[in-house]
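Q: Please work out how this folds:
(chains A, B and C)
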Amino acid sequence: MPTATQRTSVPVIVDEDKCIADKGCTVCIDVCPLDVLWINPATGKAHMRYDECWYCLPCEADCPTDAVKVEIPYLLR
Amino acid sequence: MNVSNIPVIDTDVLVIGGGTAGPMAAVTAKEQDPSLKVMLLEKANVKRSGAISMGMDGLNNAIVPGHSTPEQYVKEITIANDGIVHQPALMAYAQRSFPMIEKLDSWGVHFQKDETGDYDMKKVHHLGTYVLPMPEGHNVKKILYRRLRRNRVQIENRYQATRLLKDADGRIAGMIGVNTRTAEPIIIRAKAVIMATGAAGRIGLPTSGYLFGTYENPANNGDGHAMAYHVGADLANLECFQINPLLKDYNGPACAYVTGPLGGFTANSQGERFIDCDYWSGQMMLEFFKELEGGNGPVFLKLDHLAEETIQEIETVLHTNERPSRGRFHDGRETDYRQSMVEMHISEVGFCSGHSASGVWVDETGATTVPGLFGAGDMASVAHSYMLGAFVYGQICGESAAAFAKERDLPTLDEAFIAVELERIQAPLNVADGIPPSQMEYKVRRLVNDYLQPPKVTKKMEIGLQRILAVREDLPRLQATDPHELLRALEVHSIIDCAEMAARASLYRTESRWGLYHYRVDCPEQNDADWFCHTRLYKDENGNMAHGKRSVAPYIVELGEEKDAYQKLRVQKAANA
Amino acid sequence: MKRYDDPELQDIADKLTDPDPGIRRVAVLALVDSGEPEAAELLIQALKDEDSAVRQEAAKVVDEFDAEDIADSLLAALGDADEMVRNAAAHALADLKDPSVAPPLLAALERSDDPFVVAGILRALKPLRVAAAQTPALQRLSDEDARVRREAVGVLGWLKAEENLPALIDRAKCDVDPEVRRAAAGSLVYAARERVGPPLVTILGDPHWQVRCEAAVGIGKLDYQAGLESLIVASRDATWQVREKAAEAMGKLRVAAAVPALGECARDPMSNLRKAAIGALGAIAEPECRPFIELALDDPDPDVRKLARWAKSQLDNAA
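A: Coordinates of the predicted model:
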């Protein structure tokens, strides 16, 4: 069965200027209960790789540099 | 992959699930005997996992001396559950409730106290007084994490347990699972296992259609319920669904227990109260459902009559605790508690003893029907446990499991079983051009909404079961393209198991009970002659889903006049009239 | 420099001396995951880091550690130039439940002038309930900063000592800050009703509604019968929340003389107040309550009806 790729607007936004993942920080990635945040290999910064968010906020609350912003997923807004 | 290539990790006590009950269980086992090896396995990260990742704003069922008694509590919960409870288990909770509050208080959990340092209990229910606010309850997980480290509990994050293991005598022997980031399997041999895997909160689909916008933390997808079933444990009263009131679309709790003591309430579109029922129960949810669907619907959280100071207090609590993104949800719609009521709705269905009464059967020692396997928190069958019940049963299971582990040697593992399971958990990675987990998940959860959501209709449930079984037939075509998708694919297995259990359990009990939770339109009456019992759901010797009845243990607290007083308060019209 | 047996901890220790403050900051985050008790030493080191972002990070995680291990450093951090560091230290100190940390806290209180720091120390002393905190807390009742006075009231309320009553009564009646007055009024309930009843009656006339509520609750809790007249007055307060608390308090006094006022409340447009009134009438359960209770059986609000059914059963049982 062939598959398609579908675009989706994700609720977690990482400010790459503030993110210090390149210094070894993995706080937001560690705390996400759904494991949707990963390091983007192209930039070395955190990003939302899977649109599976509970908008629970530990990633934002625990980020040491206030780089993470969680929006309410579009379907719920 | 060959079984002999995988290193086996040995431990005395294994705890699966690091949310609320799990950490307490692990710490307790260590407190019982620091020489025991205790391992805590978590699918996410213990620091921020489970239902209380951002804390909790209050206790709904605190039994504090001078405000209520264990006997009173047991009576009320028995009545709220239409009599189908295991009273010894409720009593064990009730008696340990206050010592647990004291313990958590000494650990640094913040409970609201008055200006002289006494617990600031709030009367929300009409008979007992059980609500203890926690406006600064956002640090609960940090405190648990601190205790885990201090007691040297071995923590393994990002491992999904997939099946429990038994020895030749039928006693628990450990588990098999998989790393959610590398897809590497893990085998743990344990003398005793405690399951604290949370609710099955990803069976139904939220009204938004967003798969992860569930009432429960979506990591709690019913893996524990499925594992318990496959290892041969009894599950109890699964037809008694969880359905909760919530903020519509946001799909998180409206927190009547936070706003109630401050004067807020659940209202209809006229701004008037409509709920007759006193205690949180299926009866209350039935009234809620009828108002939602009726001419005075929908339903709202009403706060606009409160003073500015009170609203600010409510906002501070609701927007910093438990589900703190509530604030930005309201901002996005320009909803202000001061000016307008907030639309409410009911949640998708699920299994969760924290709010309801179904789950893996456990007795007052936390024991399941499989020797050496214990269960605590939202996944175990003790009714209406909430967060404090998870802590208490975590503690009880920690004690029971430590004692069990000390009496036995390391078990022998069943390699043939492990080989089959290894194949199952690797299979989705080997499928080409298959079905993505999200599509299969959406499909089965949509079927649950269409066919199993109350009001339940026999014929619809029969069709639903057939459709769910048809999705099960598609499992060999389920494809994962990376370890993360494998995690989701294996969750789909559990979700299908839970959906099938929900359908079969609902068909088995041919009466209506627990208000909306098991409201069968074509069997509208409560039938005590045939159904004053727990229902069992288990895997029989042929591997089929089987049912049975378990009689209700003799009450240790008689209901007596209390029942009448309660009924006077509660039900003016027949439950399902 | 000290070496650690645990390789992970050693790795963190090394990173904490890295010239790059970003690396040091991330090392602080890793400390939290260490089960080694010595991690606390490294946290203390980080609390003294020259870079304020590293200190802030350390301060943010202090509540992940057992505070008794780091009490001295927390006290020092209360004087940090950075407000976030001071704030975190104050919160962590408040979690100290061990009476043995009282002496250093008291010593720090002695030498502190900064209102934020003083309030933080007082908040930490409160749950310890040590008698030695009494004198400094009494002194701080006249501090010019309201936050300090409020925390001083907290310390004295939790001590529940007879000799502190005059000072608390004075704050409850005369403080310029309503939150201080409210807290002080709430603290009075540990005393004998004859002693604090009269001042609570006075406070029931406070200009701020939340203070009046607190006074009404106190009169009810203490079952101060002589407060009835003032509660009747309060049951006609312009603010419904005060009327509600007054009605509940009259239910606690359980006297028939309250019934006419409660009857008025039972007709109030605000359903929360009707609930409180019917609840109180049920608690009193005298024959003269009956007409109001029976009327409430048909109240439009189901909570009021529910309570009316309960109240009626109380009446029937009493009869």
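Q: So what are the sheet partners of the longest strand along chain B and their directions?
A: With secondary structure taken from DSSP state E, chain B has its longest strand at strand B:185-195. The strands beside strand B:185-195 in its sheet (DSSP bridges) come out as strand B:8-16 (parallel), strand B:172-179 (antiparallel), strand B:373-375 (parallel).
Q: With mean neighbour count as added columns, please give the ones you listed in a markdown table.
A: Every residue, glycine included, has its C-beta placed from N, CA and C. Supplementary listing: the strands paired with strand B:185-195 in a markdown table, determined by neighbours: other Cβ atoms under 10 Å in any protein chain shown:
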| stretch | mean neighbour count |
| --- | --- |
| strand B:8-16 | 24 |
| strand B:172-179 | 24 |
| strand B:373-375 | 31 |
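Q: Distance to residue A:17 and mean pLDDT added to those, as JSON lines?
A: Output for the strands paired with strand B:185-195, formatted as JSON lines (distance: least, Cβ to Cβ, whole Å; pLDDT from 0 to 100):
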{"stretch": "strand B:8-16", "distance to residue A:17": "40", "mean pLDDT": "97"}
{"stretch": "strand B:172-179", "distance to residue A:17": "33", "mean pLDDT": "98"}
{"stretch": "strand B:373-375", "distance to residue A:17": "47", "mean pLDDT": "98"}
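Q: Ok, which of the ones you listed comes nearest residue B:273?
A: With Cβ to Cβ, the closest approach to residue B:273 among the strands paired with strand B:185-195 belongs to strand B:373-375: 37.2 Å.
Q: In TSV, list the strands paired with strand B:185-195 along with distance to residue C:43.
A: Below are those laid out as TSV (distance: least, Cβ to Cβ, whole Å):
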stretch	distance to residue C:43
strand B:8-16	27
strand B:172-179	30
strand B:373-375	35
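Q: For residue C:64, which of these is the nearest?
A: Going by Cβ to Cβ, the one of the strands paired with strand B:185-195 nearest residue C:64 is strand B:8-16, 20.6 Å.
Q: What lies in contact with the closest one?
A: B:22-23, B:25-26, B:29, B:36-41, B:154, B:161, B:174-175, B:186-197, B:224, B:398, B:401-402, B:405-406, B:410, B:413 (Cβ atoms under 8 Å, 6 or more residues apart in numbering or on different chains).
Q: Which of those are buried, as a PyMOL select command?
A: Provided next is the PyMOL selection string for whichever of the contacts of strand B:8-16 are buried by 16 or more other Cβ atoms under 10 Å in any protein chain shown:
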select buried, chain B and resi 22+23+25+26+29+36+37+38+39+40+41+161+174+175+186+187+188+189+190+191+192+193+194+195+196+197+224+398+401+402+405+410+413
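Q: pretty sure residue B:326 is touching residue B:319, no?
A: Yes - between residue B:326 and residue B:319 there is a contact under Cβ atoms under 8 Å: 5.9 Å.
Q: and these two? which has more neighbours close in?
A: Looking at residue B:326 and residue B:319 with other Cβ atoms under 10 Å in any protein chain shown, you find the greater number of neighbours at residue B:326, namely 23 against 16.
Q: Spatially central residue (nearest the centroid) of chain A, please.
A: residue A:48 (3.2 Å; Cα atoms, centre = their mean).
Q: Please read off the pLDDT at that one from the model.
A: On pLDDT, residue A:48 comes in at 96.
Q: I'd like the distance between the closest residue to chain C within chain A and residue B:278.
A: As assessed by Cβ to the nearest Cβ, chain C sits closest to residue A:23 within chain A, at 4.2 Å. As judged by Cβ to Cβ, to the nearest Å, residue A:23 and residue B:278 stand 55 Å apart.
Q: Tell me which of those two has more neighbours.
A: Applying other Cβ under 10 Å to residue A:23 and residue B:278 shows that residue B:278 carries more neighbours, namely 23 against 19.
Q: Show me which residues of chain A are close to chain B?
A: A:1-3, A:30-35, A:49-50, A:52-58, A:61-62, A:70-73, A:75-77 (Cβ under 8 Å from any Cβ of the partner chain).
Q: which ones are touching the residue of chain A closest to chain C?
A: Counting by Cβ under 8 Å, 6+ apart, the residues that residue A:23 touches are C:20, C:22, C:23, C:25, C:26.
Q: Which helix or strand contains the residue nearest to it when sequence neighbours are not counted?
A: Leaving aside its sequence neighbours, residue A:23 sits nearest to residue C:22 (Cβ to Cβ, 6 or more residues apart in numbering or on different chains; 4.2 Å). Taking DSSP states H and E as the definition, residue C:22 sits inside helix C:21-31.
Q: one step back: so what touches the next helix or strand after the longest strand of chain B?
A: The C-terminal neighbour of strand B:185-195 among helices and strands, as given by DSSP H and E, is helix B:223-230. By Cβ under 8 Å, 6+ apart, the residues outside helix B:223-230 that reach it are B:16-17, B:43, B:160-164, B:175, B:195-198, B:200, B:235, B:351, B:359-360, B:368, B:370, B:373, B:375, B:379, B:490-491, B:493-494, B:497-498, B:501, B:537-539, B:545.
Q: Narrow the residues you listed to those that are buried.
A: Buried among those by 16+ other Cβ under 10 Å: B:16-17, B:43, B:160-164, B:175, B:195-198, B:200, B:235, B:351, B:359-360, B:368, B:370, B:373, B:375, B:379, B:490-491, B:493-494, B:497-498, B:501, B:537-539, B:545.
Q: Just the ones of the residues you listed in strands?
A: Going by DSSP E, the strands hold B:16, B:160-164, B:175, B:195, B:235, B:359-360, B:373, B:375, B:537-539, B:545 from the buried ones among the contacts of helix B:223-230.
Q: so where's chain C shaky on pLDDT?
A: Along chain C, segments meeting pLDDT under 70 span C:67.
Q: out of all of them, which helix in it is the longest?
A: helix C:302-318 (DSSP state H).
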